[in-house]
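Q: predicted model follows, preceded by the sequence.
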4 protein chains.
Amino acid sequence: MTVKFALLGAGRIGKVHARAISGNADAKLVAVADAFAEAAQAIAVTYGCAVRTIDEIETANDIDAVVVCTPTDTHADLIERFARAGKAVFCEKPIDLDLGRVKACLKVVEETGTTLMVGFNRRFDPHFSAVRAAIDEGSIGKVEMVQITSRDPGPPPATYIKSSGGILRDMTIHDFDMARFLLGEEPDTVFATASVLVDPEIGELGDHDSVSVVLATASGKQCAISNSRRATYGYDQRIEVLGEKGAISAENQRPVSIEIATGEGFTRPPLHDFFMTRYTEAYAAEMAAFIEAIGGGKTASPSGDDGLKALALADAAYRSLKEGRAVKVSEVLA
Amino acid sequence: MTVKFALLGAGRIGKVHARAISGNADAKLVAVADAFAEAAQAIAVTYGCAVRTIDEIETANDIDAVVVCTPTDTHADLIERFARAGKAVFCEKPIDLDLGRVKACLKVVEETGTTLMVGFNRRFDPHFSAVRAAIDEGSIGKVEMVQITSRDPGPPPATYIKSSGGILRDMTIHDFDMARFLLGEEPDTVFATASVLVDPEIGELGDHDSVSVVLATASGKQCAISNSRRATYGYDQRIEVLGEKGAISAENQRPVSIEIATGEGFTRPPLHDFFMTRYTEAYAAEMAAFIEAIGGGKTASPSGDDGLKALALADAAYRSLKEGRAVKVSEVLA
Amino acid sequence: MTVKFALLGAGRIGKVHARAISGNADAKLVAVADAFAEAAQAIAVTYGCAVRTIDEIETANDIDAVVVCTPTDTHADLIERFARAGKAVFCEKPIDLDLGRVKACLKVVEETGTTLMVGFNRRFDPHFSAVRAAIDEGSIGKVEMVQITSRDPGPPPATYIKSSGGILRDMTIHDFDMARFLLGEEPDTVFATASVLVDPEIGELGDHDSVSVVLATASGKQCAISNSRRATYGYDQRIEVLGEKGAISAENQRPVSIEIATGEGFTRPPLHDFFMTRYTEAYAAEMAAFIEAIGGGKTASPSGDDGLKALALADAAYRSLKEGRAVKVSEVLA
Amino acid sequence: MTVKFALLGAGRIGKVHARAISGNADAKLVAVADAFAEAAQAIAVTYGCAVRTIDEIETANDIDAVVVCTPTDTHADLIERFARAGKAVFCEKPIDLDLGRVKACLKVVEETGTTLMVGFNRRFDPHFSAVRAAIDEGSIGKVEMVQITSRDPGPPPATYIKSSGGILRDMTIHDFDMARFLLGEEPDTVFATASVLVDPEIGELGDHDSVSVVLATASGKQCAISNSRRATYGYDQRIEVLGEKGAISAENQRPVSIEIATGEGFTRPPLHDFFMTRYTEAYAAEMAAFIEAIGGGKTASPSGDDGLKALALADAAYRSLKEGRAVKVSEVLA
């Protein structure tokens, strides 16, 4: 079976997904929609698909699934519309910045029985998924402590920061998902510290650029997350897991791995400088998993509930920031 | 401009090039030919091209370039035919196993003025090409010594060994090309030692499986090559260059780079186990360079002459094996 | 000038210091005292020094400096006694488990003007001190975030745990000192999470074995500390510092660094399994610094005040554990 | 039992051995002799031993063993004298630069039954000895190919080069010994290439500075050696062994192993810049093995015969250089 796709949103991440769909032997990109005609047209030309409106896609018989890459504040509405239209939905994170809105949206998804997958792409990185696989195989026994280091090469533009929901919801949320993916138990308390060390303008916009978070589960497992919006040496993405029998780590990736040795020392080039090149394989594997879930009637994972829970951790972290204490997740998510 | 391609030979390496062509925005795979109809058909279905005979391709107006992936003993003939037909030619190494035949073929290529590129894919590996770029930038000054380690995960089947021309012509030849690529000066003497350590059957077929070669240039630069047809830990492909101001190295690549630490030690997974996954990026970059050469009227590199010179080094190495002495390249290539 | 030493306490760490003193060309071990005559005698034989009582050492004319390696609850008293006796004092951490007692002791030290150095040996590790030197040279600009991973191969015996003051005072205290050493600014808030994941007996004794701590300074610099009393792969001691212009890391050390590659992967041996072999060079450099401070009239560092401040961070961390909130250091140290 | 030592020769390497002896609990440095009174005096003061003449040491009753660190052309004579005097002898390599003289000397050693050990210190490096131990444990099965990279930070002074016997006898000889140590079978042919790339003065003195050697055993095992008298990045000492079941490697060592990451890349400091700091542990372990051999009546290893065989490989390599062919070891060593 070939899954027929429509892409909603032809921006940067939309292009990533268009490539992943067109490179998958079991999928076909049939249509693309975007408020900017030129952006849609560019995708249409490159991948040989039609430009349509969202309304047309909603009622089309030749579309099995949609990929939602539109602005965040349209996600929940589009999920509901296409769930009701009987399409499988892949939605970029987050479903919404408001927990209540997410819950309402997931209720609709549940009622319609549609397949919904949320874009936590890092679960599909071959290195990170190998960490999880090694845990599942028992190579380090019971997981005890997780350390996640996640730093962007540089801060996003002010326009992005204004509407992102804050660093904990736009950046740390990936790490919250990764923590849940690896801990094997839900975090039940959150402590967060954040400051503005990179760029004062970020502070003026009410956001932070440097974050440390500690999560703890009921049984005492711990996860520490370290974020910064600046790492001059590239896109710093590392994971470590300590277990009763050992530890697993996934190191940074670089596009070119030569080493030059001189009297000054031994130098390797910087890391990837962009999430798209760092996670190329992850995006392809993510879309393949979505296609497989649709085709095989499997439950899509990460699910809408995974999106909800990661957002709840971000909300709890914001309350922790404000009140200077460890916050129970149950305080924000009944 | 879009370069229109025909693929001659739909085997393993043919598929690699078909994918590279179809993934290149400036190229289109128009036709495929293979003695085995099913093999050609499989490529045709996957990439949406026509199945044709070699004769049809030779006279077609909608073909700009051919990729020669047929058995070695057909290479020189096909290069000549398609050069005369006015097509650009990309030919898998070697042009022929006989130096005289290669020279005759290159004469035809020269007379027709066609673009010919030989498939020494490793020059396009991002890591190895970065080594060369670092040399060219002067980061280690004048090159003095090169070390190339090149080992296959396991030996090829006996059928391959029978017609390969021997390990020095099928395997070491890549390293001879890499030596020339990095030394910046032609090797003028060759010494080789070879033995059968991996599999006695290889010896019974008149071939070797373990090789050490030392090349020297007129100014005294040295290159050591180490080959084996077996490396249990994966496809071992490394380069080191020592220069007056320092050294450059390109380390091995592995598909998954996690590390698991236990009381037994710290373990990373094996290397790539196949040249296709190891050199995925190299094959794409190689085809892109060929397309660029055709489109931009640039000289293709590696050229037919590069193919000739690498083969001459292999011939000199065989004479060295036989006579137990350092052989001048000029003894085999006037 | 040769500094003449007496060693107070001939246990495990006493032996380490005896070796460091006797290996230093500017020092001489003159006497040793220990409640257990055999322990003192063993040191005396190995290093050719006298066995004496503490009283004899206190009044001896041939002793310039003492090294205090006796049980923790005797440290403050001995520091005061020997400060008043005009001897320079090197004291193993901690000065005392009670902040008030430490303050009183340091008052005596100040009044007598004696040289006091506290045994935070890790500052003298060549790798960690190189991290600090690189910061001081400006290689990463202003420090923003520090990550310290510090895990013991296995838990200490129950007898040790009973009198250690708890993991935050016996183990994390080294990391508190390292945080202060690297942040370049005093931490002013502390958050700690701790649990019992390694051994239930540790919990029954009222202690923890797994700890995550987050420190923050007034300007927003952050430090995350990760501790465990068990790391099957060896003594895990790592530091990372993120700054505005880059990052510095100090990796783990192993006594033997070969790598064995097979079809199962690439395996390096475990890390050091003991703090004494891991920090051999640090102990020698630490004692050399003390000797230099005495001889050159320099202020010893880490000082008594460094001991006080690290202990205050531990106290704040315990209050954080109890109250589930970020605690100001000023709440515990006026 | 404590072995009582006299040191013959108080130069650079003499100091290394004096330290190793005095740091060994089973040995005592009793006397030192040197043609330069000041050099002997310096050792005597540091280690508390007597200055004596060689004649006095020869007849002394309180000396069990001598360490020969005098100029090369005195080695064989001294070995013979002290063998006849009933002392155990540790001699720095080489025994002599002339194979015939070495053989005559070893005949005397054999007749007297004295314990003779030759200073191939690298066998005692903890990393290289772990490579050998891993081979012996069968971790890679039968050894097939060995690669030894051995490069000095910079060339020695002209005075040294004049009397060293040439790079193959002063530098490569360590690698010849290492090849024998690891191959598990005697090399029976030698091919060598050498040139002058580092410093023309070296060529004017009749020596080379850049060497590639290939050794082969009767069963076809191969060993490639790469030497240079210049490596700007430090003392480059690496070993790789390929076997039927895998490979073992021993990487370079550096005194400080931090890494600094900036926009320019990730940089680690240079390697050790001196053989004494690189091989500190090896020198101590080497002397311990000699002491154990004396005390326990064990055969010392590496033996005089090991010294002879490594020198024979150097002689064969020089003949190979001259004649441009692979030379049988039996051509130089009957």
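A: Nice, thanks for sending it over.
Q: residues contacting residue A:46?
A: A:18, B:25 (C-beta atoms under 8 Å, 6 or more residues apart in numbering or on different chains). Where C-beta positions appear, they are placed from N, C-alpha and C, glycine not excepted.
Q: tell me if it really is in a strand.
A: No: going by DSSP: H, G, I helix; E, B strand; the rest coil, the assignment for residue A:46 is helix, not a strand.
Q: ok, the residue located most distally from the centre of chain A to residue D:156 distance?
A: In chain A, the residue that sits farthest from the middle, by C-alpha atoms, centre = their mean, is residue A:263; the gap is 42.2 Å. For residue A:263, the distance to residue D:156 (C-beta to C-beta, to the nearest Å) stands at 18 Å.
Q: one more: residue A:42?
A: 65 Å.
Q: ok, back up a step: quick one: the residue farthest from the centre of chain A and residue D:232 touch, right?
A: Yes: the pair residue A:263 / residue D:232 is scored as a contact, 4.5 Å apart, by C-beta atoms under 8 Å.
Q: what residues are shared contacts of those two?
A: Counting by C-beta under 8 Å, 6+ apart, the residues touching both residue A:263 and residue D:232 are B:245-246.
Q: for the stretch 201-334 of chain A, give me the ranges with low pLDDT.
A: Within the stretch 201-334 of chain A, the stretches with pLDDT under 70 are A:297.
Q: mind listing the helices for it?
A: A:275-278, A:280-296, A:304-323 (DSSP state H, counting those that start in this stretch).
Q: excluding its backbone neighbours, what's nearest residue A:117?
A: Nearest residue to residue A:117, sequence neighbours excluded (C-beta to C-beta, 6 or more residues apart in numbering or on different chains): residue A:300, at 3.6 Å.
Q: from residue A:131, how far off is that neighbour?
A: The value you get for residue A:300 to residue A:131, if C-beta to C-beta is used, is 21 Å.
Q: kindly report the same for residue A:51.
A: The value you get for residue A:51 to residue A:131, if C-beta to C-beta is used, is 40 Å.
Q: between those two, who's got more neighbours?
A: The neighbour count for residue A:51 versus residue A:131, taken as other C-beta atoms under 10 Å in any protein chain shown, is higher for residue A:131 (26 against 18).
Q: part of a strand, is the more buried one?
A: No: with three-state DSSP as the criterion, residue A:131 is helix rather than part of a strand.
Q: distance of it from residue A:122?
A: According to C-beta to C-beta, residue A:131 and residue A:122 sit 11 Å apart.
Q: pick out the residue in the stretch 101-250 of chain A sitting closest to chain B.
A: Nearest residue of the stretch 101-250 of chain A to chain B: residue A:246, at 3.6 Å (C-beta to the nearest C-beta).
Q: near chain D, which residues of chain A?
A: When proximity is defined as C-beta under 8 Å from any C-beta of the partner chain, chain A approaches chain D at A:232-233, A:261-270.
Q: quick one: residues contacting residue A:277.
A: Neighbour list for residue A:277: residue A:255 [criterion: C-beta under 8 Å, 6+ apart].
Q: compute the number of surrounding residues for residue A:7.
A: 28.
Q: and what of residue A:151?
A: Residue A:151 has 24 neighbours, counted by other C-beta under 10 Å.
Q: wait, it touches residue A:233, no?
A: No: between residue A:151 and residue A:233 there is no contact under C-beta under 8 Å: 9.1 Å.
Q: what does chain A put close to chain C?
A: Checking chain A against chain C by C-beta under 8 Å from any C-beta, the hits are A:142, A:144-145, A:147, A:149, A:151, A:189, A:191, A:193, A:195-198, A:210, A:212, A:214, A:216, A:219-222, A:224, A:226, A:228, A:230-233, A:236, A:240, A:242, A:244-247, A:323-326.
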